[in-house]
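# Need the 3D shape of this:
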Amino acid sequence: MGAVEHRTVLLHEAVDALAIHPDGTYIDGTFGRGGHSRLILDRLGAQGRLLGFDKDEAAVAAARERFAADERFLMVHESFTQITAVVRRLGLEKRVDGLLLDLGVSSPQLDEAERGFSFMQDGPLDMRMDRTRGVSAAEWLNTADEEEMAGVIREYGEERFARRIARAIVRERVDAPLQRTVQLAELVERASPVRERHKHPATRTFQAIRIFINRELEDLQECLQGSLEVLAVGARLVVISFHSLEDRIVKRFMRDQERGPQLPKGLPVPHSESHGPLRLIGKAIKPGAAEVAGNPRARSAVMRVAEVVA
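Predicted coordinates for the structure are as follows:
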């Protein structure tokens with residue numbers, strides 16, 4: 001299967017939602033291949049500033065090659081969990097005018113077989129977004145016990161046959177360690193008693209392992225909480241999610257931060273102290289039919305937007 005060109009999902013909708021000021025400071029917390037960053041830079045003036053973050057070294061290399069001559073842009077090879085620390089080092093606390101997070105795995109990561117993200121191509125079972133650190137999928141699959149694997153596949157993949165799949169992995173690795181994506185995909189297919197229409201049986205298992213290996217949900221929660229320390233009053237927080245686990249975290253965080261502390265009724269509390277630091281902007285936005293037709297990977301995207309009010 002040939003590589004699919006990377007297409008930035010909800011490109012204009014996301015950048016429009018940032019409500020960019022030409023001289024503002026913005027963060028693209030998930031640079032990927034720079035689609036959102038390019039459009040943000042197009043809307044910034046000479047005094048504007050953009051920080052890009054990505055833990056994938058290939059994305060960092062692409063960023064430095066593409067924007068090396070633009071003095072308004074700084075690329076950081078770090079997870080977006082480090083945004084607070086980097087912003088603090090730069091002296092920009094509470095001075096960032098917008099943060100964009102485009103979650104999940106990018107098309108280049110999926111389409112490069114050696115990254116190990118896809119069950120559609122044969123490659124090493126790696127799945128790390130940052131290959132310079134951490135444990136690969138193969139290392140974990142060949143050492144974790146059945147209970148742990150079943151829990152991960154059930155929780156992060158919402159896979160009802162998680163126990164059967166974990167048991168099959170344990171049996172398989174007795175004879176030969178799991179090393180290849182196709183090896184795992186075929187094992188999951190054999191272990192699954194039913195097949196969903198239009199969905200490969202390994203889809204949920206691969207998603208679960210990838211999320212676990214990269215600590216995606218924990219990192220998202222940490223970044224969202226940290227965003228309140230870096231964003232200025234009036235700044236926008238824009239998050240694009242691609243599956244229900246991510247979107248649930250984002251929706252709950254924004255809702256809770258808009259609602260503020262839940263105090264007993266009747267307390268004489270000023271209005272300014274009765275609400276939270278965020279205000280929701282509009283409803284969740286999904287790609288239109290034309291975008292989904294041109295880029296099927298956009299079909300599950302959900303974008304939520306909030307503005308800092310205090």
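# Tell me who's in contact with the residue nearest the centre of the chain.
Among the residues of the chain, the one closest to the centroid is residue 103, at 2.2 Å (CA atoms, centre = their mean). For residue 103, the contacting residues are 30, 216, 220, 239, 240, 241, 242, 246, by CB atoms under 8 Å, 6 or more residues apart in numbering. From N, CA and C alone the C-beta is placed, and that goes for glycine too.
# Could you tell me the per-residue confidence at it?
pLDDT for residue 103: 95.
# Could you do residue 197 as well?
So, for residue 197, pLDDT stands at 85.
# just the one 4 residues further on next, same as before
Model confidence at residue 201, given as pLDDT, is 95.
# Helix or strand: which one has residue 140?
helix 137-141 (DSSP states H and E).
# can you pull the buried residues of that helix?
137, 138, 139, 140, 141 (16 or more other CB atoms under 10 Å).
# Quick one: mean pLDDT for the next helix or strand after that helix?
Counting by DSSP H and E, the next helix or strand C-terminal to helix 137-141 is helix 146-157. Mean pLDDT, taken over the full extent of helix 146-157, equals 98.
# what angle do the helix or strand following helix 146-157 and helix 146-157 make?
Downstream of helix 146-157, the next assigned helix or strand under DSSP H and E is helix 162-175. In terms of direction (axes from the mean of the first three to the mean of the last three CA atoms, to 10 degrees), helix 162-175 departs from helix 146-157 by 130 degrees.
# And the buried residues of helix 137-141, which is closest to residue 302?
residue 137 (26.2 Å; CB to CB).
# who's in contact with that closest one?
116, 125, 126, 127, 128, 209, 210, 213.
# just checking, residue 157 touches residue 210?
No: look at residue 157 against residue 210 with CB atoms under 8 Å: they stay out of range, at 9.4 Å.
# and the longest strand seen in the chain, how far from the chain's centre?
Counting residues, the longest strand found in the chain (DSSP state E) is strand 231-241. Distance, stretch centre to chain centre, for strand 231-241: 15 Å (CA atoms, centre = their mean, to the nearest Å).
# Counting by contacts, list what that strand packs against.
Judged by 3 or more CB pairs under 8 Å, 6 or more residues apart in numbering; DSSP states H and E, the packing partners of strand 231-241 are helix 11-17, strand 96-102, helix 216-230, helix 244-259, strand 302-308.
# Let me have these in CSV, adding distance to residue 278 as columns.
Shown next, in CSV, are those (distance: least, CB to CB, whole Å):
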stretch, distance to residue 278
helix 11-17, 14
strand 96-102, 12
helix 216-230, 8
helix 244-259, 4
strand 302-308, 4
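# Adding mean neighbour count, write the ones you listed out as TSV.
Output for the helices and strands packed on strand 231-241, formatted as TSV (neighbours: other CB atoms under 10 Å):
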stretch	mean neighbour count
helix 11-17	19
strand 96-102	25
helix 216-230	19
helix 244-259	17
strand 302-308	23
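# Let me know which of the ones you listed is the nearest to residue 50.
Of those, nearest to residue 50 by CB to CB is strand 96-102, at 9.7 Å.
# which residues touch residue 202?
Counting by CB under 8 Å, 6+ apart, residue 202 has contacts 119, 184, 185, 188, 189.
# Just to check, the second one is in contact with residue 119?
This means residue 184. Yes: with contact defined as CB under 8 Å, residue 184 reaches residue 119; the gap is 7.2 Å.
# Looking at those two, which has the bigger crowd around it?
residue 184 (25 against 20; other CB atoms under 10 Å).
# Could you measure from residue 138 over to residue 156?
Separation of residue 138 from residue 156 (CB to CB, to the nearest Å): 17 Å.
# nearest to residue 200, of the contacts of residue 103?
Nearest member of the contacts of residue 103 to residue 200, counting by CB to CB, is residue 242, at 16.8 Å.
# List the contacts of that closest one.
103, 104, 300, 301, 302.
# I'd say the third one and residue 246 touch.
Going back to what we said before, that points to residue 300. No: taking contacts as CB under 8 Å, residue 300 lies outside contact range of residue 246: 10.0 Å.
# give me the element residue 87 is part of.
Residue 87 belongs to helix 83-89, assigned by DSSP H and E.
# Oh, that last question was meant for residue 105, not what I typed.
Counting by DSSP H and E, residue 105 is part of no helix or strand.
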